[in-house]
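Enquirer: pasting the sequence and the predicted model now:
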Amino acid sequence: MNRIYFDNAATTALDAEVLEAMMPYLTEKFGNPSSVYSYGRETKMAIENARKQVAKILGVTPGEIFFTSGGTESSNTAISAAVRDLGCKHIITSSIEHHATMHCAEEVARDRNIPLSIVNLSENGHVDLTHLEELLNTHTEKSLVTLMHANNEIGNLLNVSAVGELCEKYGAIFHCDMVQTIGHYPINLPALKIHFASAAGHKFHGPKGVGVLYVNANMQIKPMICGGAQERNMRAGTENMYGIVGFAKALELAMAKHDEDSQYIFGLKKYMHEKLKENFPQVMTNGDTFGECLYTVLNVSFPKTDKSELLLFNLDMAGICVSGGSACSSGTTSVSHVIKALYNGQSSTMIPIRFSFCKHNTKAEVDAVIEKLKELV
């Protein structure tokens, strides 16, 4: 059975060129980057070259890039540091954030005994910027705004520039979870007036277990992890050397081929949508599907019936990998918190499915999935 993988928002396959770049550091170049002899110096140099490469692509200085274990660590670090070190005494987020942000914000607010505000959403799931400004204006204490650039389930894109302007106007700190957009769009961080940004390599054909935290040079925060001088005294522990090299290579390749790949992937999304509407007129889309939305994500809902209730399970049994939401909820039968928030909890009559595409997918795979759906639904 040939497997069809339409869950690229959860993770992507490692690019062959990325693996090739990593291999020397998995084999003969195994020195500890903190060691002073040649084996250590060559691996330390590889890390710093990767840092420069990532910084250049994102339009920042190498000193503003810190390598982490992934998006979750990066977001947790930014949220915690903004409250602990930068004087934020109020957190603003949304009800459709990734749990790495939402749960951390809730925990920090509870631990520090500070208010947590949830910004309103429009009918199609965009952040209400008017309400965001009201929240910033009505709290006299310094605020942290933590909002994702692109929602990982419905694909909606945040107007990052507008949020950055509002944060600057009210003296707020802005953390942006860019896990779904760094590696998928050309991004110049300084132009966006962001203080912190999170990224993860495995979302754009890089390795798992490695990410980036961008920290604006004006933000003076304490170490993320104590115990050593790695990452300029900010994150103790021997570096994920081959992961870091792989992250930089994957980002380089993604940006070099962005125009070609994004156009192709968006074409697959449109084709899938056309075929779904043609064969299942009752299917509805979730989010701002063909407006301000990721070109990689198509989230739809089937009406709940005896047949559709086990749709995710039956697609899996047929070798088709999709999800009902984020990777955290793949394979579960409960509707995700994002879909619940989008429909104010009135989501019990729908079966949402997220199809997310990459450069390796084909129209033939879309056709195969449609045929299987016709059997199942």
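Expert: Cool, got the structure.
Enquirer: could you break the chain into its assigned domains?
Expert: Domain segmentation of the chain under automatic domain parsing yields 4-12+258-376, 16-256.
Enquirer: of these, flag the one that's most buried.
Expert: domain 16-256 (a mean of 20; mean count of other Cβ atoms under 10 Å). Heads up, the C-betas are built off the backbone N, CA and C, glycines and all.
Enquirer: now the terminal residues of it, how far apart.
Expert: Terminal residues of domain 16-256 are spaced 15 Å apart (Cα to Cα, to the nearest Å).
Enquirer: ok, and what's touching the helix or strand harbouring residue 74?
Expert: Taking DSSP states H and E as the criterion, residue 74 maps to helix 71-84. By Cβ atoms under 8 Å, 6 or more residues apart in numbering, the residues outside helix 71-84 that reach it are 68, 88-89, 91, 98, 100-101, 104-105, 108, 112, 114, 144, 146, 173, 175, 177, 179, 195-200, 203, 211-213, 215, 219, 221-222, 224.
Enquirer: how about a cut-off of 6 Å?
Expert: 68, 88, 100-101, 104-105, 108, 112, 144, 146, 173, 175, 177, 179, 196, 198, 200, 211, 213, 221, 224 (Cβ atoms under 6 Å, 6 or more residues apart in numbering).
Enquirer: give the next helix or strand downstream of that helix.
Expert: Tracing the chain past helix 71-84, the next element assigned as helix or strand by DSSP H and E is strand 90-93.
Enquirer: residue 227: what's it in contact with?
Expert: residue 236.
Enquirer: distance of it relative to residue 235?
Expert: 10 Å (Cβ to Cβ, to the nearest Å).
Enquirer: kindly report the same for residue 69.
Expert: Taken as Cβ to Cβ, the span from residue 69 to residue 235 is 9 Å.
Enquirer: break down the stretch 1-150 of the chain into its helices, ranges please.
Expert: Using DSSP state H, counting those that start in this stretch, the helices found in the stretch 1-150 of the chain span residues 16-26, 38-58, 71-84, 99-112, 129-138.
Enquirer: save those as JSON lines, and put in distance to residue 5 and mean pLDDT too.
Expert: Formatted as JSON lines, the helices of the stretch 1-150 of the chain follow (distance: least, Cβ to Cβ, whole Å; pLDDT from 0 to 100):
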{"stretch": "helix 16-26", "distance to residue 5": "16", "mean pLDDT": "97"}
{"stretch": "helix 38-58", "distance to residue 5": "26", "mean pLDDT": "96"}
{"stretch": "helix 71-84", "distance to residue 5": "20", "mean pLDDT": "98"}
{"stretch": "helix 99-112", "distance to residue 5": "23", "mean pLDDT": "98"}
{"stretch": "helix 129-138", "distance to residue 5": "36", "mean pLDDT": "98"}
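Enquirer: closest one to residue 357 among those helices?
Expert: helix 16-26 (19.0 Å; Cβ to Cβ).
Enquirer: elements contacting that closest one?
Expert: Helices and strands touching helix 16-26, by 3 or more Cβ pairs under 6 Å, 6 or more residues apart in numbering; DSSP states H and E, are helix 241-256.
Enquirer: any weak-confidence spans in the stretch 201-350 of the chain?
Expert: Within the stretch 201-350 of the chain, the segments meeting pLDDT under 70 span 325-333.
Enquirer: now do 90
Expert: Where the stretch 201-350 of the chain drops to pLDDT under 90, the residues are 305-309, 324-335, 344-350.
Enquirer: run through the strands of it in chain order.
Expert: 211-215, 284-285, 297-303, 320-321, 350-356 (DSSP state E, counting those that start in this stretch).
Enquirer: the third one pairs with which strands, parallel or anti?
Expert: In the sheet, strand 297-303 lines up against strand 284-285 (antiparallel), strand 350-356 (antiparallel) (DSSP bridges).
Enquirer: for that strand, C-alpha coordinates in PDB please.
Expert: Output of strand 297-303 as PDB, limited to C-alpha atoms (Å, rounded to 0.1, in the frame of the first residue of the first chain):
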ATOM      1  CA  VAL A 297      -3.300  24.300   4.400                       C
ATOM      2  CA  LEU A 298      -6.800  23.400   3.500                       C
ATOM      3  CA  ASN A 299      -9.100  22.800   6.500                       C
ATOM      4  CA  VAL A 300     -12.600  21.500   5.600                       C
ATOM      5  CA  SER A 301     -15.500  20.000   7.500                       C
ATOM      6  CA  PHE A 302     -17.800  17.100   6.500                       C
ATOM      7  CA  PRO A 303     -21.200  16.900   8.100                       C
END
